[in-house]
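Enquirer: Predicted model and sequence below, questions to follow.
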Amino acid sequence: MAADKVEQALVQQWREMLALHARTQCELDRALHGHGLCGSDFEVLDVLAGTTPAGACSFRVQEIAEQVHLSQSALSRLIARLERDGLVERAMCPEDRRGVRVALTEKGRSLHGEVLPVQRSVLTRMLTG
């Protein structure tokens, strides 16, 4: 019986984590919508802004996928949309012709800076109370 209660508590904890994630993602999407972004869009911009010097392509698509937890195909579609919007640019990897590197454009860097406080405010509100 004790093992059953431990298992039930574990499952309950898991479900609470999923619910918090879902609520936070919805809040992020709502807050970022007015800026033309969703939470996943922002995550890609944030990864690139946090580690990519201005103008340099330093992330391969699969490296971004590992940080934003999207499949490569979903991420490729998202990057294509961000590229159409002028927020990122793609280039072939000089060291591996099959690979693609992604970097922020100036427009993408500017938008990231504008919405960063919005995203951080949502995270603070949702995760610290």
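Expert: Thanks, I have the structure now.

Enquirer: Sketch out the low-pLDDT regions of this structure for me.
Expert: 1, 51-57, 93-98, 129 (pLDDT under 70).

Enquirer: so who does the residue nearest the centre of the chain touch?
Expert: In the chain, the C-alpha nearest the mean C-alpha coordinate belongs to E43, at 2.0 Å (CA atoms, centre = their mean). E43 is in contact with Q67, V68, counting by CB atoms under 8 Å, 6 or more residues apart in numbering. C-beta here means a position set from N, CA and C on the backbone, and glycine is covered the same way.

Enquirer: repeat for the one 4 residues further on
Expert: Shown here is V47, whose contacts under the criterion CB under 8 Å, 6+ apart are F59, I64, Q67, V68.

Enquirer: Let me have these in TSV, extended by neighbour count.
Expert: Below are the contacts of V47 laid out as TSV (neighbours: other CB atoms under 10 Å):
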residue	neighbour count
F59	21
I64	22
Q67	15
V68	17
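
Enquirer: State the pair within those that is farthest apart.
Expert: Comparing all pairs in the contacts of V47 by CB to CB, the longest separation belongs to F59 and V68, at 10.5 Å.

Enquirer: Perfect, I'm done here.
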